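1. here you go, sequence then predicted model.
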Amino acid sequence: MKRILLSAVIALLVSACATGTKTHTKGSVRDITTEKTVPIPFAQFWDKYVESLSESFFVINNISKESRIINLDFSANSPSDYIDCGDSTVISEHPALGNQTFRYQTADSSSYWIGIAGTNHIADITREASLNGKINVFMAPKGDETLLRVNAKYVWSLTSRSFIRTTGGYQPSNTTSMSFSSKSPETKYLQIEGGKQQAMSCSSKGKLEDRLLNLVSG
């Protein structure tokens, strides 16, 4: 019973009374190019494009030459390669360990520790991030050329968990997610120190779109 009570108290302290500060800097919103005209006739370009797709890391979910649409699935182990969710900085303080600064790209997985105010306890924080989504690729004849248009739908998820190093107890995990498209960033408000909230925005870096637009050179 005492251990359960202590864990409950520490969980409250972790959520409200961490020693140190956490700040977040929003990322940049880029002007993403999602369309181009390729100087290759449609029928020829379609065949080349599908062949190149079959050799890429994209997963073809559905393909229809008649409707001129290809649906792709994708996932990434390093979300920050393709999206920008800004940067985070955590400055942790502890009577014995002193001060330590942790900086990480918010979109990616990371880990750090925080001291718990008024105690000698330490909480290890683990953040596990993932990115997946779907892309629509549209192709259509444009005279003797081909119009190529792509649009990605991103789904970014984050699960964070606290482990109280001094008591050996895990706290309930917390999961959040954001979804956004190539030209439509998403914003959420994060809880930071002192009960304050700060805006967090995630947006495409344009790398997936650019890769698909240039999969076959014209």
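-> Arrived safely. Numbering: from 1, shown residues only.
2. any idea how far residue 83 lies from residue 95?
-> Going from residue 83 to residue 95 by C-beta to C-beta, to the nearest Å gives 38 Å. (Each C-beta comes from the backbone N, C-alpha and C, glycine too.)
3. likewise for residue 23?
-> 23 Å.
4. please apply the same query to residue 21.
-> Between residue 21 and residue 95 the computed distance is 17 Å (C-beta to C-beta).
5. compare those two and say which is more crowded by neighbours.
-> Comparing residue 21 with residue 95 by other C-beta atoms under 10 Å, the one with more neighbours is residue 21, at 14 against 9.
6. partner residues bridging the more buried one?
-> When assigned by DSSP bridges, residue 21 has beta-bridge partners residue 91.
7. that one contacts residue 91, correct?
-> Yes: here residue 21 reaches residue 91: they are 5.0 Å apart, a contact under C-beta atoms under 8 Å.
8. flag the shaky bits of this protein, pLDDT-wise.
-> Applying pLDDT under 70 to the chain picks out residues 1-20, 117-118, 190-197, 218.
9. quick one: the strands in it?
-> 18-25, 35-38, 59-64, 69-76, 83-84, 87-94, 98-105, 110-116, 122-142, 145-164, 169-170, 174-181, 186-191, 197-204 (DSSP state E).
10. in the second one, what counts as buried?
-> When you say that, I think you mean strand 35-38. Residues of strand 35-38 classed as buried under the neighbour-count rule (16 or more other C-beta atoms under 10 Å) are residue 38.
11. determine the set of other helices and strands touching it.
-> When contacts are defined as 3 or more C-beta pairs under 8 Å, 6 or more residues apart in numbering; DSSP states H and E, strand 35-38 sits against strand 145-164.
12. please name every helix or strand in contact with the strand it packs on.
-> So strand 145-164, by 3+ C-beta pairs under 8 Å, 6+ apart, packs with helix 2-16, strand 35-38, helix 42-54, strand 122-142, strand 169-170, strand 174-181, strand 197-204, helix 207-213.
13. rerun at 6 Å
-> strand 35-38, strand 122-142, strand 174-181, helix 207-213 (3 or more C-beta pairs under 6 Å, 6 or more residues apart in numbering; DSSP states H and E).
14. what residues does residue 35 make contact with?
-> residue 149 (C-beta atoms under 6 Å, 6 or more residues apart in numbering).
15. any idea how far residue 125 is from residue 111?
-> According to C-beta to C-beta, residue 125 stands 6 Å off from residue 111.
16. sorry, wrong one. I was asking about residue 199.
-> Distance, residue 199 to residue 111, by C-beta to C-beta: 24 Å.
17. of the two, who's got more company?
-> Taking other C-beta under 10 Å, residue 199 and residue 111 do not tie; residue 111 has more neighbours (14 against 11).
18. what's the spacing between the more buried one and residue 89?
-> For residue 111 relative to residue 89 (C-beta to C-beta), the value is 14 Å.
19. could you do residue 126 as well?
-> Residue 126 sits at a distance of 17 Å from residue 89 (criterion: C-beta to C-beta).
20. try residue 207
-> 25 Å.
21. list the contacts of residue 160.
-> 127, 174.
22. bridging residues for it?
-> residue 127, residue 174.
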